[in-house]
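Asker: this one's sequence-less:
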């Protein structure tokens with residue numbers, strides 16, 4: 001019997017790569033004292049471009065070409081990669097990094113990416129794809145990012161005084177917005193990391209099949225009349 005070819009790269013590798021870049025974005029925002037539009041967009045730009053490159057690589061290394069049974073399998077990561085690349089390139093231009101740009105671009109990216117991934121996950125679920133649940137979850141979280149940013153007023157500003165620090169601070173809409181994106185990146189990193197390290201149903205099935213084959217082989221090799 002001819003053994004099926006084993007893929008060097010799997011969906012778990014795509015998830016782990018995405019988790020890595022999301023975690024880097026979350027760490028950079030968390031440990032940055034400056035949550036201005038320029039810093040937030042710089043981090044988002046790096047996150048979006050690196051994620052786009054991961055999607056493009058996965059389109060050829062992980063996913064199959066389109067067939068009658070799996071139409072547009074490569075189309076989803078390519079589309080997600082294009083959306084992320086465009087958003088990352090636009091926000092990578094320093095003179096254009098403003099508070100308005102942060103909210104407009106990040107919200108637009110979150111809506112497009114969220115809808116694409118959510119729809120792809122729902123479609124893949126019909127074919128019993130084990131990665132469908134993760135795609136649905138990340139798509140929903142990305143849409144939640146868009147909803148959260150839509151609730152923030154970019155012009156919001158609140159000054160407050162901390163007695164222990166003997167200093168006055170200002171909470172602005174962009175600070176809240178960058179913080180929300182940082183929280184989103186942390187959540188995505190955790191969920192994709194867990195998904196990437198979790199055992200697959202296919203792996204469990206392969207182990208069961210191997211065990212059954214070994215047992216059958218042992219029965220065949222056992223002399224006639226000999227019992228276990």
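Answerer: Arrived safely, thanks for sending. Just so you know, these numbers come straight off a predicted model, no measurement behind them.

Asker: quick one, strands of this protein?
Answerer: 157-162, 167-172 (DSSP state E).

Asker: Pull the number of nearby residues for the residue nearest to residue 54 when sequence neighbours are not counted.
Answerer: Spatial nearest neighbour of residue 54, chain neighbours left out: residue 17 (4.5 Å); criterion: CB to CB, 6 or more residues apart in numbering. Backbone N, C-alpha and C define where each C-beta goes, glycine included. Look at residue 17: counted by other CB atoms under 10 Å, it has 20 neighbours.

Asker: try residue 143
Answerer: 17.

Asker: Can you tell me the closest non-neighbouring residue to it?
Answerer: residue 114 (3.6 Å).

Asker: Surely that neighbour and residue 146 touch.
Answerer: Yes: using CB atoms under 8 Å, residue 114 is in contact with residue 146, at 6.4 Å.

Asker: Low-confidence regions, the chain specifically.
Answerer: Within the chain, the stretches with pLDDT under 70 are 1-8, 64-72, 166, 200-228.

Asker: Next, the angle strand 167-172 makes with the longest helix seen in the chain.
Answerer: Criterion DSSP state H: the longest helix present in the chain is helix 99-126. Interaxial angle of helix 99-126 relative to strand 167-172 (axes from the mean of the first three to the mean of the last three CA atoms, to 10 degrees): 60 degrees.

Asker: Can you list the buried residues in helix 99-126?
Answerer: Buried residues in helix 99-126, defined by neighbour count with 16 or more other CB atoms under 10 Å: 99, 101-103, 105-107, 109-114, 116-118, 120-121, 124.

Asker: And for stretch 191-201?
Answerer: Quick answer for stretch 191-201 (16+ other CB under 10 Å): 191-193, 195-196.

Asker: how about CSV for the residues you listed, with distance to residue 62 added?
Answerer: Formatted as CSV, those follow (distance: CB to CB, whole Å):
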residue, distance to residue 62
191, 18
192, 14
193, 17
195, 14
196, 12
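
Asker: was I right about residue 156 contacting residue 170?
Answerer: No: counting by CB under 8 Å, residue 156 sits too far from residue 170 to count as a contact (10.3 Å).

Asker: re the thing from before, the strands of the chain: which one's closest to residue 46?
Answerer: strand 167-172 (22.5 Å; CB to CB).

Asker: Buried residues of that closest one, list them for me.
Answerer: Residues residue 172 are the ones in strand 167-172 that count as buried (16+ other CB under 10 Å).

Asker: angle of it against strand 157-162?
Answerer: Using the same axes, to 10 degrees: strand 167-172 against strand 157-162 is 150 degrees.
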